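>>> Provided below for reference: sequence and predicted model.
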Amino acid sequence: MKVLVTHPGRQHSHQAALALEKAGMLAGYWAGVPAVERHRRWVPDRLWRRFVRYAPVPLPAPRVRWVPWVPALRRLGDMALPSRLAAWTDFLACRLFDRWAAARLRPRTAGAVVACEISALATFRKARRLGMVTVLDAAATHHCTQDRLHGFAEPAALHRRITAVKDAEIALADHVLTVSDLARRSYLEAGVPPERVHRVTLGVDVDLFASPAEERAEATAGTTFVFAGAASRIKGLDLLLEAFARVRDAEPGARLLVIGPAGDASSLLGPPAPTGVTVLGTLSQADLAARLRAADCLVLPSRNESFGMVVPEALAAGLPVLVSDRAGAAALIQDDQNGWVVPAGDAGALTRRMLHAAGSREELRRMREACRRSAAACGWPAYGDRLSSLLRTLLGDQG
């Protein structure tokens, strides 16, 4: 059975398309951003570097489509509108992409469609009328879990619209793909039958993040911690800054690098930045890899995170990870071997573990090889094998 993959942006959807192409199962890849080399002809280099930033994907061009106005609408919201209105713009872009994809479905387009949450409702309705199997790509935990653990940042009216769309998509989905056991459990807790919910753990570009043999961690007077992700309370940045302030009292040479886009906790970063904290903003993947390789420990104290891509990225870079038990990627961590897991929301436990790490830099260095070994099974090829094998089983059962 051939499978169509649709997504209004990219996330890991291109990896799904690559896996299905390798397995001989890809009907098409329809995305909201340019995906293949020929698409660059339509975007000036200056605009590509500023607004697109995605590398082309090695897929057969005839099976790939993209929608220029989706990233344009999203960037317009990010650059020109207040955050509350920008959230509506992003939702509108997803819903318009969904309708665009649905309008182009034909009886023999594919036997199944994998569509991203908030961008799947119209697509699934059309697909069901055409007899296609519907598979929801659920990158986040179930919205009930999100609301229970940390609430929502968007306007209340928009939140109601989003949850209504998500519930309708789940009802129309023959199968739901989650990215971790933690995320899968959130759907089961919300009442979705277990036979419809499946876990496909995400991968990492091991070669990009792996440290060259001759490269060594940067020599600094104190321990260097790294936080990589949106500057948000969901990711626990407020807890981290509280814990780090105590670490600095004990080790004045300790440093914290904050990497990633702005979020609802950005005001805690200044200016001026807290003592010992360096705010780097969003970096390219290559620059992020270099920063991880030069640090001592990644810290990700998320209150709720379906996976946490930076965890396998850090492991591939040989960097021990301190992560909360509410991040799906915590399943990759074995205490005292490649990092540590602490209870989410517990600033005291986070502080104690960071103090231990700050006083044990030799232990952190010894853990680097174990980190790299644990990342070896997390490459994108392994993800592709898991995904194509699962879909072959699921679709074979139904087709």
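Great, that's in hand.

>>> Tell me how many other residues crowd residue 167.
If you count neighbours by other Cβ atoms under 10 Å, residue 167 ends up with 15. Just so you know, the C-beta spots here come from the backbone N, C-alpha and C atoms, and that holds for glycine as well.

>>> just checking, residue 344 touches residue 300?
No - under the criterion of Cβ atoms under 8 Å, residue 344 is not in contact with residue 300, lying 10.5 Å apart.

>>> Residue 187 is in contact with residue 142, isn't it?
Yes - judged on Cβ under 8 Å, residue 187 makes contact with residue 142 at a distance of 5.0 Å.

>>> Those two: which has the busier surroundings?
Comparing residue 187 with residue 142 by other Cβ under 10 Å, the one with more neighbours is residue 142, at 27 against 24.

>>> In contact with the more buried one, which residues are there?
When the contact criterion is Cβ atoms under 8 Å, 6 or more residues apart in numbering, the partners of residue 142 are 183, 186-187, 189-190, 192.

>>> Narrow these to those that are buried.
Those of those that meet the buried threshold are 183, 186-187, 192, by 16 or more other Cβ atoms under 10 Å.

>>> Which two of the residues you listed have the greatest separation?
Farthest apart among the buried ones among the contacts of residue 142 by Cβ to Cβ are 183 and 192. That separation is 11.5 Å.

>>> Is the closest residue to residue 11 other than its chain neighbours in a helix, a strand, or coil?
What sits nearest to residue 11 in space, not counting adjacent residues and going by Cβ to Cβ, 6 or more residues apart in numbering, is residue 139, at 5.9 Å. Recorded secondary structure, residue 139: coil (DSSP: H, G, I helix; E, B strand; the rest coil).

>>> on that earlier part again, which one of the buried ones among the contacts of residue 142 sits closest to residue 376?
Of all those, residue 376 sits closest to residue 183, with 23.2 Å by Cβ to Cβ.

>>> quick one: stretch 124-141 to chain centroid distance?
21 Å (Cα atoms, centre = their mean, to the nearest Å).

>>> quick one: buried residues of that stretch?
Across stretch 124-141, burial judged by 16+ other Cβ under 10 Å covers 124-127, 132-141.

>>> Remind me which helix or strand the residue lying closest to residue 194 once chain neighbours are set aside belongs to.
Nearest residue to residue 194, sequence neighbours excluded (Cβ to Cβ, 6+ apart): residue 188, at 5.6 Å. Counting by DSSP states H and E, the element that carries residue 188 is helix 181-189.

>>> now for that helix, which elements pack on it?
Helix 181-189 sits against helix 143-150, strand 175-178, strand 197-199, with contacts defined as 3 or more Cβ pairs under 8 Å, 6 or more residues apart in numbering; DSSP states H and E.

>>> Can you give me every residue that contacts the residue most central in space within the chain?
Centroid-nearest residue in the chain, with Cα atoms, centre = their mean: residue 309, separated by 5.3 Å. Counting by Cβ under 8 Å, 6+ apart, residue 309 makes contact with 202, 204, 329.

>>> And residue 180, its phi and psi?
Main-chain torsions, residue 180, degrees, to the nearest 10: phi -160, psi 160.

>>> same question but for residue 325, I mixed them up
Reported as degrees, to the nearest 10, the phi and psi values for residue 325 are phi -80, psi 0.

>>> which is the next helix or strand following the helix or strand encompassing residue 349?
Using DSSP H and E, residue 349 falls within helix 347-358. Sequence order places helix 361-366 as the next helix or strand after helix 347-358, per DSSP H and E.

>>> picking up where we left off before, so the residue nearest to residue 194 is in contact with residue 197, correct?
Yes - using Cβ under 8 Å, residue 188 is in contact with residue 197, at 6.2 Å.

>>> Looking at these two, which is more packed in?
Neighbour totals were compared for residue 188 and residue 197, and residue 197 leads with 23 against 14 (other Cβ under 10 Å).

>>> Give me the pLDDT value at that one.
We have a pLDDT of 98 for residue 197.

>>> Identify the residues contacting stretch 172-179?
Stretch 172-179 has contacts (Cβ under 8 Å, 6+ apart) with 12, 114, 120-121, 124-125, 128, 133-139, 170, 184, 186-187, 192, 196-202, 306-307, 328, 387, 390, 394, 398.

>>> And stretch 150-167, by the same measure?
The contact list for stretch 150-167, computed with Cβ under 8 Å, 6+ apart, reads 84, 87-88, 91, 95, 117-118, 121, 143, 146, 233-234, 264, 303-304.
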